[in-house]
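A.B. asks: no sequence for this one, just the structure:
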Ligand SMILES: [Zn+2]
């Protein structure tokens with residue numbers, strides 16, 4: 001099973017390539033999935049993909065996970081609005 005996966009992805013080290021994350025040379029592996037080139041650094045674990053222009057597209061899973069928590073904050077703002085705001089009722 002694992003042998004079949006390896007033969008499909010065919011990860012290969014990129015000679016002379018430098019990792020954009022840790023700057024270690026000759027630690028980047030590259031392979032294609034559905035025609036999309038992927039890179040992985042065996043030194044620090046950095047991974048990214050390349051878009052049609054050949055530009056690096058880092059994975060942003062951590063950022064997207066945090067967004068739902070941010071959207072929950074307006075509920076707290078509505079609770080605060082129930083209290084009178086002395087600054088608005090006392091014009092200088
Ligand atoms: Zn690295």
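C.D. replies: Great, that's in hand. What you are looking at is a predicted structure, and each value in this text was computed from that prediction instead of being measured.

A.B. asks: buried residues in stretch 44-62?
C.D. replies: For stretch 44-62, a neighbour-count test (16 or more other C-beta atoms under 10 Å) marks 46, 48 as buried. Heads up, the C-betas are built off the backbone N, CA and C, glycines and all.

A.B. asks: how near is residue 59 to residue 25?
C.D. replies: From residue 59 across to residue 25, the span is 22 Å (C-beta to C-beta, to the nearest Å).

A.B. asks: Please apply the same query to residue 50.
C.D. replies: Distance from residue 50 to residue 25, by C-beta to C-beta: 19 Å.

A.B. asks: same check, this time on residue 53
C.D. replies: Here the criterion is C-beta to C-beta. By it, residue 53 lies 24 Å from residue 25.

A.B. asks: residue boundaries of the helices in the protein?
C.D. replies: Ranges of helices within the chain are 2-9, 61-71, 73-80, 86-89, based on DSSP state H.

A.B. asks: now the third one: mean pLDDT?
C.D. replies: When pLDDT is averaged along helix 73-80, the result is 53.

A.B. asks: So which residues on this protein come close to the ion?
C.D. replies: 19, 21, 22, 41, 43, 44, 46 (C-beta under 5 Å from the ion).

A.B. asks: so who does the closest residue to residue 32 other than its chain neighbours touch?
C.D. replies: The shortest distance from residue 32 to any non-neighbouring residue, by C-beta to C-beta, 6 or more residues apart in numbering, is to residue 38 (7.1 Å). The contact partners of residue 38, by C-beta atoms under 8 Å, 6 or more residues apart in numbering, come to 30, 31, 32, 47, 48, 49, 50.
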